[in-house]
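Trainee: Using only what follows, build the 3D model:
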Amino acid sequence: MSEIAIFKWFGNSRNERHSNYKILECEDGRRLDIHASEISCSEDELIRGRFITFEIEEKEAKNLCLLREVGVIDWYDYDKGFGCATLIRHDSLLLEMFESYKHPKIRSKAGRMPTLQESLGMLSKKAEVFVHHKVICGSQPLKEGDLVVFDIRKIYRKDQNQYKDNALKLKLLSEETDEAIIERCAKSRETRLWKPVFHKYLTTLQTTDEKVALALDKINKLPGDGERLFYRSFSTVSRESFSDSLPDEILGFSEEIRQFLSFEKHLNIIIALIEEAESKNLPEDALLMELQSCLENLPLLNKARNKIRQPSIIPQIPDWVKEIPSFRALLFGFPSVESRPDTPEATQIRAFVAERGIFCLCHFTTIENLQGICREGGLLSNQQLQSRNSPYTQIDEGRWDGKSNHICCSINSYNSMYLYRAKHKSQCWVLLVIKPDYLWKQGTLFCPINAASERGAYIKEGLVGLQSMYKSVVIDIKGREYTRQRLPDRKPTCIQAEVQVDESISLDDVLWIGVNEDPGNEQKVRDAGWQGEIRIWKGLFK
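Mentor: Numbers count the residues shown, from 1 in each chain. Predicted structure coming up:
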């Protein structure tokens, strides 16, 4: 059994048989013979007041070491260069050696007056050590709650006429290399000690099966995230945070452990495994099912629309996985217009739309692009199409308006002037007639003339932007004048006026699709994948 004491000095041994014997004298009055070979530290470090540990066999001290303890930083003041740490170990014999335990008193933290709660806590018995910046060995800055390891020395302060327990050779527990301390913390009942050392402790085990079994045992003893509020006074570590700290070797080996990971960590691990499946002969189908389950359980998943609302996830998924139908539906669903937030001026814009008799937005495109729109489930801006590697034919040679994340539309009709320039690009044009609700949604932009004019300088948002499309006179950058003479109320003043919808338009918000009377056009729309209403609009696009 190990003994703990405070070192006083070495005396000359009366053991005449061997010159390497000394007398170990402790502050509690004990005097024991010890052979020099049983001293496991440098004698230069054995100065009066150092806390030591040793064993006793046949009235001799054996295996004398400096005591190294684990504690938690109570507070640390960088300006003053000192702070305080509290021992974690609950050993009554050890605690009785500390001045703060024998004589508890109220102390203010970092020079401020303590609160009532702090005062009550400070009156309770606990073993504290003083931490001076000169004894800190690690490079990381200290903060309240950090787990640390340190040696201890008791010194007498003449100026204060009292003893003080000081930390020596202090470092963060996560930086500790002493195998005995690592093992002690890994096997401790104090769950907060596991995470900083567990990665290192696993290296002492021989097989992956052993490592997985031990990790699962620890995980099952920790509270889940939902239980932490109840258990917060007993554990500062959740199953999720502990699992995230495990080495990838363990996570890749055990699907059971992966179920406890945070979403981000789980996603990264499972994608890495899928990419290595062929080279490492891993079960690809099972891994894909796990990935799909992971994505479906994403907290930010809009289950009503079956769409992942976190675009940063999509680039992480391998391209070939995105082509799997179940993953395309999960990754690239579209929010309906009803689910989008209204602009602050939504009420006024609705009133303006009703007053003008505006009943739809229009977007025309090629039959070739309609195939992609039906496959994806909606219209995407150029920027979104590029980020998702979706094939498409860009009608506009360049987005000189600078709004590559917006979709160009018009109100109640289509821009025949633009169609004239683009007409050579398809043998079949289609007109998508869209709900007008996008007009009062956040992110929607308006331009009274061609939006590319002066690189988008005329684009506005909100009610003012919409009203600018209906001025009595509109003049474009070439000086052409447009008036409202003989125009119905619902049509904008300039034929090239644009509405720009942010990012996407759901196929569910397309009311119907119009084509002209040319033979075969209706069937082409069906072949492209559109299942809704088709209207033949004589003379459309002619």
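
Trainee: Mind telling me what element the most centrally placed residue in the chain is part of?
Mentor: Note on the chain: the residue nearest the mean C-alpha position is residue 264, at 6.3 Å, using C-alpha atoms, centre = their mean. Using DSSP states H and E, residue 264 maps to helix 263-280.

Trainee: Of all the residues in that helix, which ones are buried?
Mentor: For helix 263-280, the neighbour count (16 or more other C-beta atoms under 10 Å) marks 263, 265-267, 269-271, 273-274, 277 as buried. Any C-beta I mention is one placed from the backbone N, CA and C, and that applies to glycine too.

Trainee: quick check: domain ranges of the protein?
Mentor: As recorded under automatic domain parsing, the domains making up the chain are 2-66, 68-175, 189-331, 346-536.

Trainee: what's the most buried one of the ones you listed?
Mentor: Highest mean neighbour count of the domains of the chain: domain 346-536, a mean of 17 (counted as mean count of other C-beta atoms under 10 Å).

Trainee: Run the chain-centre distance for that domain.
Mentor: On the basis of C-alpha atoms, centre = their mean, to the nearest Å, domain 346-536 sits 37 Å off its chain's mean C-alpha point.

Trainee: One more: stretch 27-36?
Mentor: On the basis of C-alpha atoms, centre = their mean, stretch 27-36 sits 55 Å off its chain's mean C-alpha point.

Trainee: sorry, back to before: out of the domains of the chain, which comes closest to residue 337?
Mentor: domain 346-536 (4.4 Å; C-beta to C-beta).

Trainee: how long is that closest one from one end to the other?
Mentor: 33 Å (C-alpha to C-alpha, to the nearest Å).

Trainee: Now do stretch 166-173: everything it contacts.
Mentor: Outside stretch 166-173, the residues that touch it by C-beta atoms under 8 Å, 6 or more residues apart in numbering are 68, 70-71, 85, 129-132, 135-138, 140, 142, 146-155, 185, 193, 196-197.

Trainee: ok, residue 237 - contacts?
Mentor: Counting by C-beta under 8 Å, 6+ apart, residue 237 makes contact with 191-192, 194-195, 222.

Trainee: low-scoring stretches of the stretch 151-300 of the chain, by residue?
Mentor: 225-236, 299-300 (pLDDT under 70).

Trainee: now the helices for it?
Mentor: Assigned by DSSP state H, counting those that start in this stretch, the stretch 151-300 of the chain shows helices spanning 179-186, 194-202, 208-220, 228-231, 239-244, 248-253, 255-258, 263-280, 284-296.

Trainee: Return the list of helices and strands in contact with the first one.
Mentor: Other elements packing on helix 179-186 under the criterion 3 or more C-beta pairs under 8 Å, 6 or more residues apart in numbering; DSSP states H and E are strand 68-77, helix 194-202.

Trainee: could you check the angle helix 208-220 makes with it?
Mentor: Angle, helix 179-186 to helix 208-220, by axes from the mean of the first three to the mean of the last three C-alpha atoms, to 10 degrees: 50 degrees.

Trainee: The second one now?
Mentor: Helix 194-202 and helix 208-220 are oriented at 170 degrees to each other (the same axes, to 10 degrees).

Trainee: List the contacts of helix 194-202.
Mentor: 147, 172-174, 176-177, 181-183, 185-186, 188, 211, 214-215, 218, 237, 241-242, 245-247, 250.

Trainee: swap in the fifth one?
Mentor: With contact meaning C-beta under 8 Å, 6+ apart, helix 239-244 is reached by 194-195, 198, 215, 218-219, 222-225, 251, 257-258, 260-262, 265.

Trainee: cool, stretch 373-389 as well?
Mentor: Under the contact criterion C-beta under 8 Å, 6+ apart, stretch 373-389 has outside partners 311, 314-315, 319, 322, 328-329, 331-334, 363, 365, 390, 392, 394, 399, 404-407, 432, 502-509, 528-530.

Trainee: And the strands in the stretch 51-200 of the chain?
Mentor: Secondary structure of the stretch 51-200 of the chain (DSSP state E, counting those that start in this stretch): strands at 51-57, 60-66, 68-77, 82-87, 128-132, 147-157, 162-172.

Trainee: With distance to residue 30 added, can I get those strands in JSON lines?
Mentor: Converted to JSON lines, these look like this (distance: least, C-beta to C-beta, whole Å):
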{"stretch": "strand 51-57", "distance to residue 30": "9"}
{"stretch": "strand 60-66", "distance to residue 30": "9"}
{"stretch": "strand 68-77", "distance to residue 30": "21"}
{"stretch": "strand 82-87", "distance to residue 30": "22"}
{"stretch": "strand 128-132", "distance to residue 30": "23"}
{"stretch": "strand 147-157", "distance to residue 30": "16"}
{"stretch": "strand 162-172", "distance to residue 30": "19"}
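
Trainee: give me the beta-bridge partners of the residue nearest to residue 126 when sequence neighbours are not counted?
Mentor: Leaving aside its chain neighbours, residue 126 sits nearest to residue 86 (5.3 Å; criterion: C-beta to C-beta, 6 or more residues apart in numbering). Beta bridges link residue 86 to residue 72, residue 128, judged by DSSP bridges.

Trainee: can you check residue 149 too?
Mentor: Under DSSP bridges, the residues paired with residue 149 across the bridge are residue 70, residue 171.

Trainee: which SS class is residue 433?
Mentor: Residue 433 carries the three-state label strand when classified by DSSP: H, G, I helix; E, B strand; the rest coil.

Trainee: what sits against it?
Mentor: The neighbourhood of residue 433, defined by C-beta under 8 Å, 6+ apart, consists of 360-362, 510-514.

Trainee: tell me which of those residues is nearest to residue 481?
Mentor: residue 362 (24.0 Å).

Trainee: hmm, who's touching the helix or strand harbouring the closest one?
Mentor: For residue 362, the host element (DSSP H and E) is strand 361-366. By C-beta under 8 Å, 6+ apart, the residues outside strand 361-366 that reach it are 373, 379, 393, 395, 407-415, 419, 425-426, 428-436, 438-439, 499, 501, 505, 541.

Trainee: switch the cut-off to 7 Å
Mentor: Strand 361-366 has contacts (C-beta atoms under 7 Å, 6 or more residues apart in numbering) with 379, 393, 395, 407, 409-414, 419, 425-426, 429-434, 436, 438, 499.

Trainee: And for stretch 270-287?
Mentor: The contact list for stretch 270-287 (C-beta under 7 Å, 6+ apart) reads 252, 288, 290-291, 294, 316-318, 321.

Trainee: try it again with 8 Å
Mentor: Against stretch 270-287 from outside (C-beta under 8 Å, 6+ apart): 248, 252, 255, 258, 288, 290-291, 294, 316-318, 321.

Trainee: again, but for stretch 314-322
Mentor: With C-beta under 8 Å, 6+ apart, stretch 314-322 has contacts from 267-268, 271, 274-275, 288, 291, 308, 327-328, 331-332, 387-389.

Trainee: coming back round to it: could you redo the buried residues of helix 263-280 as CSV and give each row distance to residue 476?
Mentor: Formatted as CSV, these follow (distance: C-beta to C-beta, whole Å):
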residue, distance to residue 476
263, 50
265, 54
266, 54
267, 49
269, 56
270, 54
271, 50
273, 57
274, 53
277, 57
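
Trainee: rewinding a little: now flag whichever of the contacts of residue 433 is closest to residue 466.
Mentor: residue 361 (11.8 Å).

Trainee: And that closest one, how close does it get to residue 434?
Mentor: Using C-beta to C-beta, to the nearest Å, residue 361 is found at 4 Å from residue 434.

Trainee: Quick check: neighbours shared by the two?
Mentor: Common contacts of residue 361 and residue 434 (C-beta under 8 Å, 6+ apart): residue 409.

Trainee: wait, isn't residue 204 in contact with residue 210?
Mentor: No. If you go by C-beta atoms under 8 Å, residue 204 and residue 210 don't touch, sitting 9.8 Å apart.
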